[in-house]
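[1] Based on what follows, work out the 3D shape:
(one chain, ligands or ions: 2)
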Amino acid sequence: MLTNDLSVALDNYSSELKNLAECLMEIMAKNLGLGMDVVTEKFKVGIQSIRFNYYPPCAQAHKVLGFSQHSDSDLITLVLQVNQVQGLQIKRRGEWVPVRPHHGAFIVNLGDIFEIYSNGRYKSIEHRVVVNTEMERLSIATFHSPKSDAVIGPLQEMIGGSGAKYRSVDHEGFMKLFFSSKLDGKSFLDSMRC
Ligand SMILES: O=C(O)CCC(=O)C(=O)O
Ligand SMILES: [Fe+2]
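    Numbering: from 1, shown residues only. Ligands and ions are numbered 1, 2, ... in the order given. From the prediction side, this is the model:
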């Protein structure tokens, strides 16, 4: 049955991506000098969600955005540009840079929680999506966040002499703040700064 095939495919896809996300985070956390105890406690995926994005073609493409500029609020996002149509752009040194699709490759976007955990050493990436005049575009974004009872704040090991650069809040409070703020670049993260 189709629904069964779909649920099996989604189950496999989500668990493979969870493994990949944890593997990447382990490498990045170790790169920050964090030990395996912190990796196991803080960088295990507790909440995973998947968004299927469909961007229809638009004759007035230059006047609209498919997705306004934002950073993801999670730890790490894996994006699949399904039909190889360009549209995603990242902000680098103040300029919008297109991300060319590569067949079978994932885009790894760092989220706000990673930036907060690392006390600003790793930066979440600001991105947006432009639309195409002729072609539709499809992407699948898979978001990975810590457990629902995690504290979202700079990790003790990352604070050092300069002090915490972001406030600490519980995960639920963090999500409430995120969903009540406007999707506007990194303004949400700025509101978390001390
Ligand atoms: O469509 C894309 O490539 C990115 C989508 C995105 O940024 C998101 O779903 O948060
Ligand atoms: Fe995003």
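
[2] helix or strand right after the helix or strand in which L6 is found?
    Using DSSP states H and E, L6 falls within helix 2-31. Tracing the chain past helix 2-31, the next element assigned as helix or strand by DSSP H and E is helix 36-42.

[3] Heading C-terminal from that following helix, find the next helix or strand.
    Proceeding C-terminally, helix 36-42 gives way to strand 47-55 as the next helix or strand, assigned by DSSP H and E.

[4] do the next helix-or-strand element following that next one and ligand 1 meet?
    With elements assigned by DSSP H and E, the helix or strand that comes after strand 47-55 is strand 67-70. Yes: judged by Cβ under 6 Å from any ligand atom, strand 67-70 and ligand 1 are in contact via F67. All C-beta atoms are positioned from the backbone trio N, CA, C, and that covers glycine.

[5] which strands and helices sit next to strand 67-70?
    Packing partners of strand 67-70 (3 or more Cβ pairs under 8 Å, 6 or more residues apart in numbering; DSSP states H and E): strand 127-129.

[6] how about the helix or strand that the strand it packs on is followed by: buried residues?
    Tracing the chain past strand 127-129, the next element assigned as helix or strand by DSSP H and E is strand 137-145. Of the residues in strand 137-145, those scored as buried under the neighbour-count criterion (16 or more other Cβ atoms under 10 Å) are 137, 139-145.

[7] Return strand 137-145 as PDB; C-alpha atoms alone will do.
    Backbone C-alpha positions of strand 137-145 (Å, rounded to 0.1, in the frame of the first residue of the first chain) are rendered in PDB as follows:
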ATOM      1  CA  ARG A 137      11.500  24.100  -7.100                       C
ATOM      2  CA  LEU A 138      11.300  21.400  -4.400                       C
ATOM      3  CA  SER A 139      13.400  21.000  -1.300                       C
ATOM      4  CA  ILE A 140      13.300  18.900   1.800                       C
ATOM      5  CA  ALA A 141      14.700  20.500   5.000                       C
ATOM      6  CA  THR A 142      15.200  18.200   8.000                       C
ATOM      7  CA  PHE A 143      15.700  20.000  11.300                       C
ATOM      8  CA  HIS A 144      17.500  18.600  14.400                       C
ATOM      9  CA  SER A 145      17.000  20.000  17.900                       C
END
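
[8] Parallel or antiparallel, list what pairs with it.
    According to DSSP bridges, strand 137-145 has the following sheet partners: strand 47-55 (antiparallel), strand 76-81 (antiparallel).

[9] Tell me which of these sits most buried.
    When you average the neighbours per residue for each of those (mean count of other Cβ atoms under 10 Å), strand 76-81 leads with a mean of 22.

[10] now the angle from that strand to helix 2-31?
    If you take axes from the mean of the first three to the mean of the last three Cα atoms, to 10 degrees, strand 76-81 sits at 130 degrees to helix 2-31.

[11] who's the residue nearest in space to the middle of the chain bridged to?
    Ranked by distance to the mean C-alpha position of the chain (Cα atoms, centre = their mean), the top residue is T77 at 3.5 Å. Beta-bridge partners for T77, by DSSP bridges, are N109, F143.
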